[in-house]
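1. what follows is a predicted protein model with its sequence.
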Amino acid sequence: MFRRLTLGLALLLQGLAYAETRDLILVAGQSNAVGADAYAEELPADPKDAATMFWWRVGDPPPDEYDGTSARQWSTLQFQPRTPAMPAINGKKLARQYGNFNLKSKGGFGPEIGMVRTLATKESRPLAVIKTAFSGTSVAGDWNVGLPGKADPCYRAMIDEAKAAIAAAKSKDVTLRPRAFVWVQGESDANAKDAPAYVANLSAMLQRLRADLNAPDMILLLGVNTRFGNGKNAFMPKVIAAQQEVAAALPRARYVDTAGAETLPPSHTHFTAVGTLEIGRRYAEALLAAETALPLTK
């Protein structure tokens with residue numbers, strides 16, 4: 001009996017020794033979350049990236065088999081390689097190739113790289129990142145959480161990927177603790193029809209996200225390419241103001257200003273590789289500041 005108890009205790013202690021808890025950062029949004037013009041060739045190498053678990057799905061709406069993915073497996077932090085192109089229709093190639101990096105020679109990356117690298121210089125907490133981003137998507141039309149007459153395929157894909165990733169980590173004795181949600185989006189809602197509803201739509205999505213992941217204290221970090229439209233889009237200031245309003249209204253939420261981060265001329269629609277690394281740094285700094293200043297939800 002004593003021998004069996006000793007053996008059982010040894011096995012229990014062995015299991016506890018291998019169990020691990022990691023902070024989880026979720027990254028989502030449209031093309032600047034994907035990193036549409038942040039080319040893999042321009043990403044400086046950093047061997048410390050291998051310490052972060054990484055799961056991703058990136059593409060164009062609607063989510064489908066042409067998305068770039070980590071094959072529903074955990075990998076380590078890296079750029080996302082290009083994936084097979086969609087077939088031509090009637091001899092014409094489709095332009096819908098930005099989110100899966102098929103128009104790039106090697107692939108690309110989003111703000112997750114700069115964010116994790118910045119955090120790694122300031123703390124030693126083990127991290128995991130789940131990225132689900134789709135180019136050209138709006139909250140009104142692609143991330144809406146079930147409001148009448150609206151579609152939410154990207155939101156549903158995000159939740160599905162997150163739950164699958166969390167379960168896969170759990171099967172390896174890794175518990176993921178939701179820490180932050182990085183939202184880089186808003187350009188596609190900067191129009192006469194969708195901008196007025198952006199506060200309501202974004203608020204509903206964020207509150208639903210916390211509920212679906214059972215993460216009421218997860219910090220929400222909201223940002224957008226403020227230079228989208230190169231000064232000619234009259235609705236960009238409304239989207240920026242809407243994100244600021246949502247961040248002020250929801251507990252443990254922050255607006256992250258991306259102004260001045262390098263964008264690609266002449267349209268300035270997307271951040272460059274340098275700009276993408278920079279906004280990642282800003283999200284990391286915003287997270288650390290928020291954790292210091294914002295109280296936990298009661």
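-> Structure's in. What do you need?

2. phi, psi for residue 55 please.
-> Main-chain torsions, residue 55, degrees, to the nearest 10: phi -130, psi 130.

3. what's near enough to touch the nearest residue to it once chain neighbours are set aside?
-> Nearest non-adjacent residue to residue 55, counting by C-beta to C-beta, 6 or more residues apart in numbering: residue 165, 4.2 Å away. (C-beta placed from N, C-alpha, C; glycine too.) Neighbour list for residue 165: 55, 72, 74, 128, 130, 176 [criterion: C-beta atoms under 8 Å, 6 or more residues apart in numbering].

4. quick check, residue 103 in a strand?
-> No. In this structure, residue 103 is coil, not part of a strand, as judged by DSSP: H, G, I helix; E, B strand; the rest coil.

5. max-length helix in this protein?
-> Scanning the chain for the helix with the most residues, using DSSP state H, yields helix 273-293.

6. follow-up on the earlier one: in terms of helices and strands, where is the residue nearest to residue 55?
-> Taking DSSP states H and E as the criterion, residue 165 maps to helix 153-171.

7. worst-scoring helix or strand of the chain, pLDDT-wise?
-> Lowest on mean pLDDT, DSSP states H and E among the helices and strands of the chain sits helix 2-18, with a mean of 49.

8. name the helices or strands packed onto the helix or strand just after that helix?
-> Moving toward the C-terminus from helix 2-18, the next helix or strand (DSSP H and E) is strand 20-29. Under the contact definition 3 or more C-beta pairs under 8 Å, 6 or more residues apart in numbering; DSSP states H and E, strand 20-29 sits against helix 112-120, strand 127-134, helix 153-171, strand 174-184.

9. can you give me the angle strand 20-29 makes with strand 174-184?
-> Angle of strand 20-29 versus strand 174-184, following axes from the mean of the first three to the mean of the last three C-alpha atoms, to 10 degrees, is 20 degrees.

10. distance between the helix or strand following strand 20-29 and the chain's centre?
-> Sequence order places helix 31-34 as the next helix or strand after strand 20-29, per DSSP H and E. Centroid separation between helix 31-34 and its chain, computed with C-alpha atoms, centre = their mean, to the nearest Å, is 8 Å.

11. can you report how many residues lie near residue 293?
-> Per other C-beta atoms under 10 Å, the neighbour tally for residue 293 reads 9.

12. quick check, residue 278 in contact with residue 257.
-> No. Assessed by C-beta atoms under 8 Å, residue 278 is found out of contact with residue 257, at 11.5 Å.

13. those two: who's more crowded?
-> Neighbour comparison, residue 278 and residue 257: the larger count goes to residue 278, with 19 against 15 (by other C-beta under 10 Å).

14. quick revisit: can I get the helices and strands packed on strand 20-29 in JSON lines with distance to residue 146 and mean pLDDT?
-> Listed next are the helices and strands packed on strand 20-29 as JSON lines, based on distance: least, C-beta to C-beta, whole Å; pLDDT from 0 to 100:
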{"stretch": "helix 112-120", "distance to residue 146": "27", "mean pLDDT": "98"}
{"stretch": "strand 127-134", "distance to residue 146": "18", "mean pLDDT": "98"}
{"stretch": "helix 153-171", "distance to residue 146": "9", "mean pLDDT": "97"}
{"stretch": "strand 174-184", "distance to residue 146": "18", "mean pLDDT": "98"}
